[in-house]
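S.K.: just the structure for this:
(chains A and B)
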Amino acid sequence: MNKSGAGKAIADKAKIEELLSRGVDTVYPTRDALRDVLMSGKRIRLYLGIDPTSPHLHLGHAENIIMLRKFQDLGHEVILLMGDFTGRIGDPTDKLAARTQLTDKQVKENLKTFKAQASKVLRFTGANAAQIKFNAKWLGKLTFEEVIKLASHFTVQQMLERDMFQKRLNFTYTCPKCGKEQIYAHATPRTDGGIRSVEHGSGLTKSRVCTNCGAHNTFEAINNAILVKKNANESEGIRAPRPIGLHEFFYPLMQGYDSVAMDVDLEVGGTDQTFNMLAGRTLLKAMKGKEKFVITNRLLEDPTTGKKMSKTEGTLVNLDDEPNDMFGKIMALPDELIPHILELSTMIPIERVTELTSKLKKGENPRDIKLIASEEVVALYHSPKLAKEAREEWVRVFSHKEKPEDAPKLKLKTHTLSLIDLVLAAGIPSKSEARRLVEQNAVKINDAVKKDSGEMITLKPRDIIRIGKHRFFEIA
RNA sequence: GCGCAGGUGGUAGAGCGGUCAAUUACAACAGACUGUAAAUCUGUCGCCUACGGGCUACGGAGGUUCGAAUCCUCCCCUGCGCACCA
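M.R.: From the prediction side, this is the model:
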């Protein structure tokens, strides 16, 4: 245990209130119960679990880490848990599972970068330092018998209740009214791409009520909406059932057992982790009779499409991105995301967040608010100075369309080469693509468009190569 | 184990013996426009090319054929149903 003043934490009412509300979706079992504990001044142990499949932490992780930091500041015991065991087994929902399995070496490497990134927010040294733990330490030791016993705390029904499983178990359709994905149980596929309702016994009707908007959709409407969309090549439509691997049921068990092994009081995570975190709550209660709290944080997602920020969406901002890069990526996020960024990904006071958000509503240029948000984020993960520079740089390059101050240096073996080789040297992976870019007028040398890929170019240091809108290189 | 339906490019999903490097949509990339983004419009979107074409691809391995993503055989994988087990 900690040597100095075990069991004491700061009970700052205002800070605790913000902790329990800013960016928070739900507190289990109740917000009031957790507030009581925090206000009592008891020092609690809490953690955030991270899946080390990628070497980067991104803005989605950041809000959770920020929360950890705030708990740390209040004197609570903070643990960052690496899901190395989970990572080694591979994400079951991913078709490329075999490839995402991690070796010990990769885990170690990822750990290094994780710690560096997390330490921008969290303190790993000094008083009340945050700890890092690995779940392979206990999960790897469980015997088959123990695993079975763990499994006995859950029912198949509970597992199947999960939205993600339901969607993969049944047909889903897009509600014609609100556009949200809905489950259509009891159906079989039709050759035209629609579905056929299977009516068991009496109680079933073919129509469905949308769980999101409450619209009453008739069976015909559902099928028609789908078919119309299909014909219009909008492709959404119906989603057929997809496989569920048995081992996927064990994910909540593994993650849940983490709570038991570390004997924690509280776990924080995104709303997408609700089920897994609550599994830990169940286990902790069953095995140790302890009441674990869970805080779910709202995900950083596009409010209009409901899409999470992710690598595949290209909206991923990594915490170890270079300042200019990070700044640009945030500027490129949809306008609608700005309030979320301000509230969830920065430490700026909540009053200022509401002030900026209301300015946005009043019709102020979203770009200006976004500039503030971007600068705040970069300031947090790098430094206020670098953030300011990144902002100036961005304005110069994108608003005024000038050259960036320090474009990446490009080292060439020879300073006389064909245009196409130059483009390849700048990192374009294939010759065909390089040729295409040249044909599309995307390649500029010192602001002059170059159109002939065979042209021999003689470069001198400090010449600027530009490919497309965002890629700049300076000859070394 | 049996039966049925499937496995196609980053994704969804057409094609079912030649005209298929493979319709289309989404994503991506480039250009125009703009307040960054989005939206919109235009173009590109396997690799290589002396721009004639060449090469590698439609779960895997064989086969039929002048010719296969398309037909046959075996294998692997998935879904559904049945059976087995309980």
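S.K.: name the helix or strand of chain A that has the lowest mean pLDDT.
M.R.: Least confident helix or strand, chain A: helix A:97-100 with a mean of 40, by mean pLDDT, DSSP states H and E.
S.K.: where in the stretch 351-476 of chain A is pLDDT low?
M.R.: Counting by pLDDT under 70, the ranges of the stretch 351-476 of chain A that qualify are A:399-406.
S.K.: can I get the CA coordinates of stretch A:371-388 in PDB?
M.R.: What follows is stretch A:371-388, C-alpha atoms only, in PDB (Å, rounded to 0.1, in the frame of the first residue of the first chain):
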ATOM      1  CA  LEU A 371      -9.100  26.900 -34.000                       C
ATOM      2  CA  ILE A 372      -9.500  27.400 -30.200                       C
ATOM      3  CA  ALA A 373     -10.400  23.800 -29.700                       C
ATOM      4  CA  SER A 374      -7.500  22.600 -31.800                       C
ATOM      5  CA  GLU A 375      -5.100  24.800 -29.900                       C
ATOM      6  CA  GLU A 376      -6.400  23.600 -26.600                       C
ATOM      7  CA  VAL A 377      -5.900  20.000 -27.500                       C
ATOM      8  CA  VAL A 378      -2.400  20.400 -28.900                       C
ATOM      9  CA  ALA A 379      -1.500  22.500 -25.900                       C
ATOM     10  CA  LEU A 380      -2.600  19.600 -23.700                       C
ATOM     11  CA  TYR A 381      -0.700  16.900 -25.500                       C
ATOM     12  CA  HIS A 382       2.300  19.000 -26.400                       C
ATOM     13  CA  SER A 383       2.700  22.400 -25.000                       C
ATOM     14  CA  PRO A 384       0.900  25.800 -25.200                       C
ATOM     15  CA  LYS A 385       3.900  27.100 -27.200                       C
ATOM     16  CA  LEU A 386       3.800  24.400 -29.800                       C
ATOM     17  CA  ALA A 387       0.100  24.700 -30.000                       C
ATOM     18  CA  LYS A 388       0.300  28.400 -30.800                       C
END
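S.K.: wondering if it reaches RNA strand B at all.
M.R.: No. Using C-beta under 7 Å from any atom of the strand, stretch A:371-388 stays clear of RNA strand B, coming no nearer than 8.7 Å. (Glycine included, C-beta is placed from N, CA and C.)
S.K.: neighbouring contacts of that stretch?
M.R.: A:59, A:62, A:117, A:120-121, A:317, A:319-320, A:323, A:326-327, A:330-331, A:338, A:341-342, A:345-348, A:356, A:390-391, A:394-395 (C-beta atoms under 8 Å, 6 or more residues apart in numbering).
S.K.: so which elements touch the helix or strand where residue A:257 lies?
M.R.: For residue A:257, the host element (DSSP states H and E) is helix A:250-262. Applying 3 or more C-beta pairs under 8 Å, 6 or more residues apart in numbering; DSSP states H and E, one finds that helix A:250-262 contacts strand A:45-50, strand A:77-82, helix A:84-89, helix A:136-139, helix A:144-151, helix A:274-288.
S.K.: which strands and helices sit next to the helix or strand following it?
M.R.: Next helix or strand after helix A:250-262 toward the C-terminus (DSSP H and E): strand A:266-270. Using 3+ C-beta pairs under 8 Å, 6+ apart as the contact test, the elements touching strand A:266-270 are strand A:45-50, helix A:59-73, helix A:274-288, strand A:293-297.
S.K.: if we can go back for a sec, how about residues contacting the helix holding residue A:257?
M.R.: Taking C-beta under 8 Å, 6+ apart as the rule, helix A:250-262 contacts A:45, A:47, A:49, A:79, A:81, A:83, A:85-86, A:92, A:133, A:135, A:137-139, A:142, A:147, A:150-151, A:154, A:159, A:267, A:273, A:275-277, A:279-284, A:287-288, A:292.
S.K.: by how many degrees do it and strand A:45-50 diverge?
M.R.: 150 degrees (axes from the mean of the first three to the mean of the last three C-alpha atoms, to 10 degrees).
S.K.: contacting residues for the one residue in chain A that gets nearest to RNA strand B?
M.R.: Nearest residue of chain A to RNA strand B: residue A:468, at 2.3 Å (C-beta to the nearest atom of the strand). Applying C-beta under 8 Å, 6+ apart to residue A:468 gives the contacts A:437, A:442.
S.K.: go again using 7 Å as the cut-off
M.R.: Neighbouring residues of residue A:468 by C-beta atoms under 7 Å, 6 or more residues apart in numbering: residue A:442.
S.K.: filter the contacts of stretch A:371-388 down to the ones near RNA strand B?
M.R.: Okay, of these touching RNA strand B (C-beta under 7 Å from any atom of the strand), that's residue A:331.
S.K.: give me the buried entries from the contacts of stretch A:371-388.
M.R.: When these are checked for burial by 16 or more other C-beta atoms under 10 Å, the buried set is A:59, A:62, A:117, A:120-121, A:317, A:319-320, A:323, A:326-327, A:330-331, A:338, A:341-342, A:345-346, A:348, A:356, A:390-391, A:394.
S.K.: which SS state does residue A:434 fall under?
M.R.: The three-state assignment at residue A:434 reads helix, by DSSP: H, G, I helix; E, B strand; the rest coil.
S.K.: name the element the residue nearest to it when sequence neighbours are not counted belongs to?
M.R.: Nearest non-adjacent residue to residue A:434, counting by C-beta to C-beta, 6 or more residues apart in numbering: residue A:423, 4.0 Å away. Secondary structure assigned from DSSP H and E places residue A:423 in helix A:419-425.
S.K.: can you list the residues that contact that helix?
M.R.: Contacts for helix A:419-425 (C-beta under 7 Å, 6+ apart): A:410, A:412, A:431, A:434-435, A:437-438, A:443, A:450, A:452-455, A:457, A:465, A:467.
S.K.: does RNA strand B have contacts with that helix?
M.R.: No. Helix A:419-425 does not reach RNA strand B (C-beta under 7 Å from any atom of the strand); its nearest approach is 7.6 Å.
S.K.: could you dump that helix to PDB, C-alpha only?
M.R.: Taking Å, rounded to 0.1, in the frame of the first residue of the first chain, the C-alpha atoms of helix A:419-425 are listed here in PDB:
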ATOM      1  CA  LEU A 419       9.700  13.700 -61.800                       C
ATOM      2  CA  ILE A 420       8.200  10.300 -61.300                       C
ATOM      3  CA  ASP A 421      11.100   9.100 -59.200                       C
ATOM      4  CA  LEU A 422      10.900  12.200 -57.100                       C
ATOM      5  CA  VAL A 423       7.300  11.400 -56.300                       C
ATOM      6  CA  LEU A 424       8.200   7.900 -55.400                       C
ATOM      7  CA  ALA A 425      10.900   9.200 -53.200                       C
END
